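Asks: Kindly generate the corresponding structure for this input.
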Amino acid sequence: MSEERDAVQRLLRLIGERLESFVEGDDLALETLGESIEEGDFTPEDVQSACMVLRILSRDSGQGFEAALESAPGRDALRVLSAEERESLSPEAWGYLIKLRRGGSLTPRQFERVLEMLGDCGVRPVDVDLAREVATRVALQGDDGGAGEMLGHGDFDQTH
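Replies: Model prediction:
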């Protein structure tokens, strides 16, 4: 990831230098940009990433990231685990929960409830079987938040 970021930074620097040269009177600065990109061994992904950075930077300040934060993330948005959650869940359990979320078996609220319950269960790392058990209980009880409290591995205190 760091190599990709370095390549994108080098590409953005190259574009900036060429734009400066053009502004200073070098009429060929932009015409030779494509050749310079090819000679710089930039991948198509590097070029796409640089384009994305430039588009983001060119947005109106009133429409930038603030607008994106006002709405809920999209259905396929990935959630990043906190350091605490990374320590508590096995990669397999996390993958299983992501599969349930993407498949629509868990709503965003239920997904967060499952993570909360697994974080509070005291088992480290949580395996797929426990994740499946908690996710099933939460999914069967709906979005009302009354999923019960975990007492121990497999034991729940149901609130009715």
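Asks: in the chain, which ranges drop under the pLDDT threshold?
Replies: 1-2, 59-78, 143-160 (pLDDT under 70).
Asks: hmm, try it at 50
Replies: Applying pLDDT under 50 to the chain picks out residues 62-67, 147-148, 150-154, 157-160.
Asks: so how far is L11 from E116?
Replies: Going from E116 to L11 by Cβ to Cβ, to the nearest Å gives 42 Å. The way it works is simple: take the backbone N, C-alpha and C, and place the C-beta from them, glycine included.
Asks: Looking at these two, which is more packed in?
Replies: With neighbours defined as other Cβ atoms under 10 Å, E116 and L11 compare such that L11 has more, 21 against 15.
Asks: biggest helix in the chain, by residue count?
Replies: Looking across the chain with DSSP state H, the single longest helix is helix 2-23.
Asks: Please name every helix or strand in contact with that helix.
Replies: Under the contact definition 3 or more Cβ pairs under 8 Å, 6 or more residues apart in numbering; DSSP states H and E, helix 2-23 sits against helix 33-39, helix 44-57.
Asks: Adding distance to L140 and mean neighbour count, write these out as a markdown table.
Replies: Converted to a markdown table, the helices and strands packed on helix 2-23 look like this (distance: least, Cβ to Cβ, whole Å; neighbours: other Cβ atoms under 10 Å):
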| stretch | distance to L140 | mean neighbour count |
| --- | --- | --- |
| helix 33-39 | 54 | 12 |
| helix 44-57 | 41 | 13 |
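Asks: Mind putting those helices into CSV with distance to E85?
Replies: Below are the helices and strands packed on helix 2-23 laid out as CSV (distance: least, Cβ to Cβ, whole Å):
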stretch, distance to E85
helix 33-39, 40
helix 44-57, 28
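Asks: how much space between the residue of the chain positioned farthest from its centre and E17?
Replies: Largest separation from the mean C-alpha position in the chain: G25, at 42.6 Å (Cα atoms, centre = their mean). Between G25 and E17 the computed distance is 14 Å (Cβ to Cβ).
Asks: quick one: which of the helices and strands packed on helix 2-23 is nearest A7?
Replies: Of all the helices and strands packed on helix 2-23, helix 44-57 sits nearest to A7, with 4.5 Å by Cβ to Cβ.
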